[in-house]
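Asks: A structural model of the following input is requested.
(chains A and B)
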2 protein chains.
Amino acid sequence: MKPVGIAAVGLGRWANVLADAYTRSEKVKLISCFSRTAEKREKFGNRFHCENDATLEALLARKDVEMVLVTVPNDQHASVIEQCARAGKHIYVEKPISVSVDDAKRIDAVIKETGVKFLCGHSSRRLGALRKIKEMIDTKEIGEVSVIEAVFSNERGLELKKGNWRGDPVRTPAGPLTQLGIHQIDNLQFLLGPVKRVFNFGKPMYTEVDNITVNTTVLEFKNGKQAYLGTNWACPGVFSINVYGTKANLFYELDFSWWSNSDVTDKHSSLIKREFASTSDDPDNRILRDVKVDFPVIDHLRVEVEEVAEAIRNDGETEISAEASLRNLAVVLAAVKSVKEERIVEISEIMK
Amino acid sequence: MKPVGIAAVGLGRWANVLADAYTRSEKVKLISCFSRTAEKREKFGNRFHCENDATLEALLARKDVEMVLVTVPNDQHASVIEQCARAGKHIYVEKPISVSVDDAKRIDAVIKETGVKFLCGHSSRRLGALRKIKEMIDTKEIGEVSVIEAVFSNERGLELKKGNWRGDPVRTPAGPLTQLGIHQIDNLQFLLGPVKRVFNFGKPMYTEVDNITVNTTVLEFKNGKQAYLGTNWACPGVFSINVYGTKANLFYELDFSWWSNSDVTDKHSSLIKREFASTSDDPDNRILRDVKVDFPVIDHLRVEVEEVAEAIRNDGETEISAEASLRNLAVVLAAVKSVKEERIVEISEIMK
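Replies: Purely as a prediction, here's the structure:
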């Protein structure tokens, strides 16, 4: 397969992490990059041995660029994607797809209209451990799911300065819920199907900015199951999923120190199954056992971009559409509305 | 110190677990027991080498019985305690103090009126690990608390039969929230102070009974902090507390197989502190480290009864009053009302 030529638009920290992961792939090749700051694009070009373009128009006019990696700030996704898709470029966009339903719908519409391939970077469902958890739920190896708890938190709110877009409740609704929680929302909907209703007690804590930095969120799914989602920006990094089942529980955690090293994230992770080693009519005579569960090591950032590359070459499908990404965003926006109005919010209220 | 003579009233499974723990104490001595079923009281008397009385009146007339261990069903606590306290007997009652606010207030009133010593068996805050967590929060060793997650769940709802009092939403409101969650509610209020508001998505799942068996509950405290409380009766046993702090996180778990063996529960537990091993201006260069935290091994069921015994001999105080126990019950009842009315419920609505 001829490598798909890609260009990075938006050259912040995460574009560097992605480009680094892509150096491990033979299915994509970084061709060019663009940022309004000349210094940034030169530095990025030097680091990843690619060209750079002085304008987005110049970049989009290139024949060798087939796909654009969009990592501009969340509220600029829609306009950049519209421009790229209309130029016939396929799209990878960093999560969240947008921070407003209207923007997500604009993106969905232009993707459908132009027919370009699209993927939103909800990379964490690609992790080997997540695939294993999904399999163990679907095969009912753990019985029926009673409840799931998902947590993704780190310390970033403690050092946020006024003026940073992450501190702005419009550009980053509910702070860590948009930036971190969106991964777990995608995982939860991947594991349990669509969310129906949301409640959240979120509030700003230990931060200079006026945005929410600590959220305790509970979700009810269309299939009747419940989940807890914990996201805060005021503690050392945590990424964990606990699945409680009628036959067994699963406890999954990845070491957040290795989050950006997507080739080894799965190696720095642990998945434990808790089951009954022996049972008895007397509840005091039941013995529990924790067993390590093996799972494949998957380079989550590499496999997702390769999926788009293969879809481009073979006119195939990608796993995470603009519509699915909108359903993830809708959970965030419902949680924000829940805080504001101090009530349960239905996803249907957000989507209409 | 002369051992305090105690009598067990209500001789179910938990009375046996408590009496077994008390054989390890030199501060209390089991003197007699009572249950309406003659066979039960003879069996209990034989097992623990104590006498038995054919009526509660006969038991309460005994001079050698100074304290009564009340483990009758939750909705009978108030009437039994009133009778015992009026006979001048000190009281240990199993949690929850009651299943109605009126009953808890009746108990509080009779304890104050008669001046007998009282303790409600929220034993889990006595665990060595809980004392250590409290110390690490109070000394700010983990910084400020951002959020706490507490879980106490087991498989008991899967085998509940119609007619069992645990399946009755009046006798056991929200099922595992009353029977298991009350321990974590007590722990959470021990660690963070009084709860202000409650939301719950609880519902019956995987059970023959009409009671709630899976709860996802979120709490807001008077001091503004938030917590998640997970309680279900549809999975293998879990008892865990995660404390997320601005400087460090704590992950605590006890092996539920050893819950009833109170002398070794702490030995089958683990407390991990997550902190930064190294930090950096570049968030991708921060390394996390998990460190094992030592804590004393405390026989939680023995120390709580010994506290009452010492309070009796020295006219001292006990740690958990009827009022504090009512505040724990109020969180359960607020969570039940929240499910029914699909809204946030204030503790003040329940207490009035």
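
Asks: Check the spatially most central residue of chain A and give its pLDDT.
Replies: In chain A, the C-alpha nearest the mean C-alpha coordinate belongs to residue A:122, at 3.0 Å (Cα atoms, centre = their mean). Note on residue A:122: pLDDT of 97.

Asks: State the number of residues packed around the closest residue to it other than its chain neighbours.
Replies: Closest residue to residue A:122 apart from its sequence neighbours, by Cβ to Cβ, 6 or more residues apart in numbering or on different chains: residue A:186 at 3.8 Å. The way it works is simple: take the backbone N, C-alpha and C, and place the C-beta from them, glycine included. Counted with other Cβ atoms under 10 Å in any protein chain shown, the neighbours of residue A:186 add up to 25.

Asks: Please enumerate the strands of chain A.
Replies: In chain A, the strands defined using DSSP state E lie at A:4-9, A:28-34, A:67-70, A:90-93, A:118-120, A:145-153, A:195-200, A:214-221, A:226-232, A:238-245, A:249-254, A:269-278, A:287-292, A:345-346.

Asks: Quickly compare those strands and say which is most buried.
Replies: Highest mean neighbour count of these: strand A:226-232, a mean of 29 (counted as mean count of other Cβ atoms under 10 Å in any protein chain shown).

Asks: Tell me if it is near chain B.
Replies: Yes: against chain B, strand A:226-232 shows contacts by Cβ under 8 Å from any Cβ of the partner chain at A:226, A:227, A:228, A:230, A:232.

Asks: same question, stretch A:335-346
Replies: Yes: Stretch A:335-346 reaches chain B (Cβ under 8 Å from any Cβ) through A:342, A:343, A:344.

Asks: Residue A:132 against residue A:298, yeah?
Replies: No: if you go by Cβ atoms under 8 Å, residue A:132 and residue A:298 don't touch, sitting 10.0 Å apart.

Asks: Most neighbours of all the residues of stretch A:335-346 next to chain B, which one?
Replies: The member of the residues of stretch A:335-346 next to chain B that has the most neighbours, counting by other Cβ under 10 Å, is residue A:344 with 22 neighbours.

Asks: In chain A, where's the longest helix?
Replies: When chain A is parsed with DSSP state H, its longest helix is helix A:322-341.

Asks: buried residues in that one?
Replies: A:322, A:324-339 (16 or more other Cβ atoms under 10 Å in any protein chain shown).

Asks: which strands and helices sit next to it?
Replies: Other helices and strands packing on helix A:322-341, by 3 or more Cβ pairs under 8 Å, 6 or more residues apart in numbering or on different chains; DSSP states H and E, are helix A:101-114, strand A:118-120, helix A:182-192, strand A:195-200, strand A:214-221, strand A:345-346, helix A:347-351.

Asks: and these as a markdown table, adding distance to residue A:278?
Replies: As requested, these are exported to a markdown table (distance: least, Cβ to Cβ, whole Å):
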| stretch | distance to residue A:278 |
| --- | --- |
| helix A:101-114 | 51 |
| strand A:118-120 | 46 |
| helix A:182-192 | 29 |
| strand A:195-200 | 38 |
| strand A:214-221 | 33 |
| strand A:345-346 | 44 |
| helix A:347-351 | 43 |
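
Asks: Can you tell me which of those is nearest to residue B:118?
Replies: Among the helices and strands packed on helix A:322-341, the nearest to residue B:118 by Cβ to Cβ is strand A:214-221 (33.2 Å).

Asks: With just CA atoms, put that closest one into CSV.
Replies: Output of strand A:214-221 as CSV, limited to C-alpha atoms (Å, rounded to 0.1, in the frame of the first residue of the first chain):
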residue,chain,number,x,y,z
VAL,A,214,-14.0,18.7,39.3
ASN,A,215,-16.9,16.6,38.0
THR,A,216,-18.8,13.7,39.6
THR,A,217,-21.1,12.6,36.8
VAL,A,218,-23.6,9.7,36.6
LEU,A,219,-25.1,8.4,33.4
GLU,A,220,-28.1,6.2,32.5
PHE,A,221,-28.0,4.3,29.2
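
Asks: what's that strand packed up against?
Replies: strand A:195-200, strand A:226-232, helix A:322-341, strand B:145-153, strand B:214-221, strand B:226-232.

Asks: ok, 6 Å please
Replies: In terms of contacts (3 or more Cβ pairs under 6 Å, 6 or more residues apart in numbering or on different chains; DSSP states H and E), strand A:214-221 is packed against strand A:195-200, strand A:226-232, strand B:214-221.

Asks: and of these, who's closest to residue A:102?
Replies: Using Cβ to Cβ, those put strand A:195-200 closest to residue A:102, at 19.6 Å.

Asks: can you state the direction angle for the closest one and strand B:195-200?
Replies: Angle, strand A:195-200 to strand B:195-200, by axes from the mean of the first three to the mean of the last three Cα atoms, to 10 degrees: 180 degrees.

Asks: Now do strand A:195-200 against strand A:214-221, angle only.
Replies: With the same axes, to 10 degrees applied, the angle from strand A:195-200 to strand A:214-221 works out at 150 degrees.

Asks: gap between residue A:81 and chain B?
Replies: Separation of residue A:81 from chain B (Cβ to the nearest Cβ, to the nearest Å): 26 Å.

Asks: Tell me if I'm right that that residue and residue A:107 touch.
Replies: Yes: with contact defined as Cβ atoms under 6 Å, residue A:81 counts as touching residue A:107 (5.1 Å).

Asks: one step back: closest one to residue A:24 among the helices and strands packed on helix A:322-341?
Replies: That would be strand A:118-120 among the helices and strands packed on helix A:322-341, by Cβ to Cβ, at 17.7 Å.

Asks: quick one: contacts of that closest one?
Replies: Here strand A:118-120 makes contact (Cβ atoms under 6 Å, 6 or more residues apart in numbering or on different chains) with A:91, A:92, A:93, A:95, A:97, A:111, A:308, A:318, A:320, A:322, A:325.

Asks: got TSV for the residues of strand A:226-232 next to chain B, with pLDDT too?
Replies: Shown next, in TSV, are these (pLDDT from 0 to 100):
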residue	pLDDT
A:226	98
A:227	98
A:228	98
A:230	98
A:232	98
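
Asks: out of these, who's nearest residue A:69?
Replies: Distances from residue A:69 to these, taken as Cβ to Cβ, are shortest for residue A:232 (28.8 Å).

Asks: can you list the residues of the stretch 51-200 of chain A near chain B?
Replies: Residues of the stretch 51-200 of chain A lying near chain B by Cβ under 6 Å from any Cβ of the partner chain: A:146, A:147, A:199.

Asks: Quick check: the residue of the stretch 51-200 of chain A nearest chain B.
Replies: Proximity of the stretch 51-200 of chain A to chain B (Cβ to the nearest Cβ) peaks at residue A:146, 3.9 Å away.
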